[in-house]
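Student: Sequence first, predicted model second:
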Amino acid sequence: MHRIVLLGPPGAGKGTQGTLLSERWGVPHVASGEILRRALADDKDTELARTAQTIKQGNFIPDAVANALVFRELDRPEAAGGFVLDGYPRDVAQAEALEDYLRQKAWTLDAVVALLIEEQALVARLMGRLTCPRCGESYHVRSAPPLKEGVCDKCGAALVVRDDDQPERVRTRLALYHQKTEPLIAFYRERGLLRTVDGSGAEDTVFAAVRDAVEPDAPERDTVPGGGHSETLV
Ligand SMILES: [Zn+2]
C-alpha cells in the first residue's frame, strides 16, 4: 500500500515528484492546487465550487474547503489502493482533520516525505519562472531558457510570469509556508512518519532519493532506456 504525503516549500518540486511517484505506483496524485483549479472551473453549481469561487488566488483556502475537496478525491475508488498527497495538509489543523478521516477509513499513512531545499535556491527557482499562456509549457530565465528570449519554443506565444511567480507573491507564499506548513515537519516527526529528502538536485536524482526514502525494503528495478533489461540500483 502506498499512502504518502509530500511536504515542502513552493518550488521544492512536490508536483514533479508527486507525478513520478503516482506513475510508478499507479495511484492518484492528489494535488490540492490542481483540485482547487478544477473546482473553480467546474460550471456545475456545487456547494464546493461556490465556496471555492469566493477564494482569491488560492492563497487562504479555508480548512473546511480544503478538507472537503481532498477527502472527496480520496473517497474515489481509484484512491483505494493508495495516493500521493501534494499541497495538503498545509497546516496542523488540516493534518489533524486528515488523521481523523484516515482513522474512519481504517487507513494509515506510510510516510511523509519532506523535500528540503535552501531558501536562496528556492527563491532563484521561483523568481525566474516563465510560463506559456497558450500551451502551458514552463521555462526558467537561467536554468531552462527558451531558444528565443520571451517566446515559447513550442507554440511561439509570448511568455509571461504567472501571478504566483511575481516577486511579491513568492515572498508571501514562502512566509505562509514557514508560518503554517513548516510546523508539520515536527508534527509528522513525532509520529515516526517523516522522511527528509534533499530537493536541491536534478529531478531524477531527487526521485531516486524519494524512492529510497519510501521503499527502503523494495529492490529497485528500473528499466534502462533502450537496454531492454533491468538493473538493480541500491
Ligand atoms: Zn507555448
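Tutor: Yes, it's here. These numbers were taken from a predicted model, which means no experiment stands behind them. Numbering: from 1, shown residues only.
Student: On the three-state scheme, residue 114 is what?
Tutor: strand (DSSP: H, G, I helix; E, B strand; the rest coil).
Student: list the contacts for the residue lying closest to it once chain neighbours are set aside?
Tutor: Of all residues not flanking residue 114 in the chain, residue 7 sits nearest, at 4.4 Å (Cβ to Cβ, 6 or more residues apart in numbering). Placement of C-beta: from N, CA and C, glycine included. By Cβ atoms under 8 Å, 6 or more residues apart in numbering, the contact list for residue 7 reads 14, 112, 113, 114, 115, 181, 184, 185, 188.
Student: From the residues you listed, pick the one nearest the ion.
Tutor: The nearest member of the contacts of residue 7 to the ion, counting by Cβ to the ion, is residue 14 at 23.7 Å.
Student: what residues does stretch 187-206 touch?
Tutor: 5, 7-8, 12-13, 16-17, 20, 92, 95, 109-118, 121, 185, 209-210, 213-214.
Student: cool, and stretch 65-73?
Tutor: Contacts of stretch 65-73 with the rest of the structure, by Cβ under 8 Å, 6+ apart, involve 28, 30, 32, 35-36, 39, 48, 51-52, 55, 79, 83, 85, 88-90, 94, 97-98, 101.
Student: Pull out the buried positions in that stretch.
Tutor: Residues 65, 66, 67, 68, 69, 70, 71, 73 are the ones in stretch 65-73 that count as buried (16 or more other Cβ atoms under 10 Å).
Student: distance between that stretch and the chain's centre?
Tutor: Chain-centre distance of stretch 65-73: 15 Å, with Cα atoms, centre = their mean, to the nearest Å.
Student: Now that stretch: average pLDDT?
Tutor: Average pLDDT, stretch 65-73: 91.
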